[in-house]
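> Got a sequence here, can you build the structure:
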Amino acid sequence: MIHAQFDPTARQNLAVRAVEAKVREDLSWQQIADAAGLSVAFVTAAVLGQHALPAPAAKAVAELLGLDDEAATLLQTIPTRGSIPGSIPTDPTIYRFYEMLQVYGTTLKALVHEQFGDGIISAINFKLDVRKVADPEGGERAVITLDGKYLPTKPF
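Residues are numbered from 1 along each chain as shown. I've put the predicted structure just below:
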């Protein structure tokens, strides 16, 4: 049976435990995604509490991270999404970007930091590309490329 979360606390607590296990086991998000058999962005978002994993993927992730059966079950629940608190934009187009960052913001942060280290992606030394492409299933798709220079944090 499919279940949904009402209170995000359980998934947030699980995300903390999962990330602690990832660090303890010295695993990459890609290794976790490989175990799940799904894309790295989707699995990262799921482990961080933004998606539900299918049962086989949830069990594989829990096993790899050394988490119990309860955690595997919780990874399968539909979460209360949104990982970035704050006010909500009212313009519909801007709201959709806000929605995308609510779901994938922590995933992007985790993947950038894993691949580059402690730092930021510049919004000043930055390129943005938006393209319209045909959707093979009908209609159109937006392809948005955000290309920013990585700026490492420098100790002082």
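> Could you tell me how many residues sit around residue 12?
16 (other C-beta atoms under 10 Å). For the C-beta atoms, the positions are set from N, CA and C on the backbone; glycine is no exception.
> give the contact list for the closest residue to it other than its chain neighbours.
Nearest non-adjacent residue to residue 12, counting by C-beta to C-beta, 6 or more residues apart in numbering: residue 49, 5.7 Å away. Residue 49 makes contacts with 8, 11, 12, 14, 15, 79, 83, as judged by C-beta atoms under 8 Å, 6 or more residues apart in numbering.
> quick one: which of those is nearest residue 54?
residue 79 (14.3 Å; C-beta to C-beta).
> ok so, going back, just say helix, strand or coil for the residue nearest to residue 12.
Three-state call for residue 49 (DSSP: H, G, I helix; E, B strand; the rest coil): coil.
> Next: residue 120.
Under three-state DSSP, the three-state class of residue 120 is strand.
> how near is it to residue 13?
Distance from residue 120 to residue 13, counting by C-beta to C-beta, to the nearest Å: 28 Å.
> likewise residue 39?
Shown here: residue 39 relative to residue 13, a distance of 25 Å by C-beta to C-beta.
> Please apply the same query to residue 74.
Distance check for residue 74 against residue 13: by C-beta to C-beta, it reads 9 Å.
> burial count for residue 60?
Other residues near residue 60 number 21, with proximity taken as other C-beta under 10 Å.
> List the residues that contact it.
35, 36, 37.
> Out of these, which end up buried?
The neighbour count (16 or more other C-beta atoms under 10 Å) marks 35, 36 as buried among the contacts of residue 60.
> Check this protein for its longest helix and report it.
For the chain, the helix reaching the highest residue count under DSSP state H is reported as helix 92-116.
> Give me the buried stretch members for that one, please.
98, 102, 103, 104, 105, 106, 107, 108, 109, 110, 111.
> now swap in stretch 75-89 and tell me
75, 76, 77, 79, 80, 82, 83.
> follow-up on the earlier one: could you tell me the phi and psi values at the residue nearest to residue 12?
Per-residue torsions, residue 49: phi 90, psi 20 (degrees, to the nearest 10).
> Am I right that residue 16 is in a helix?
Yes. Per three-state DSSP, residue 16 lies within a helix segment.
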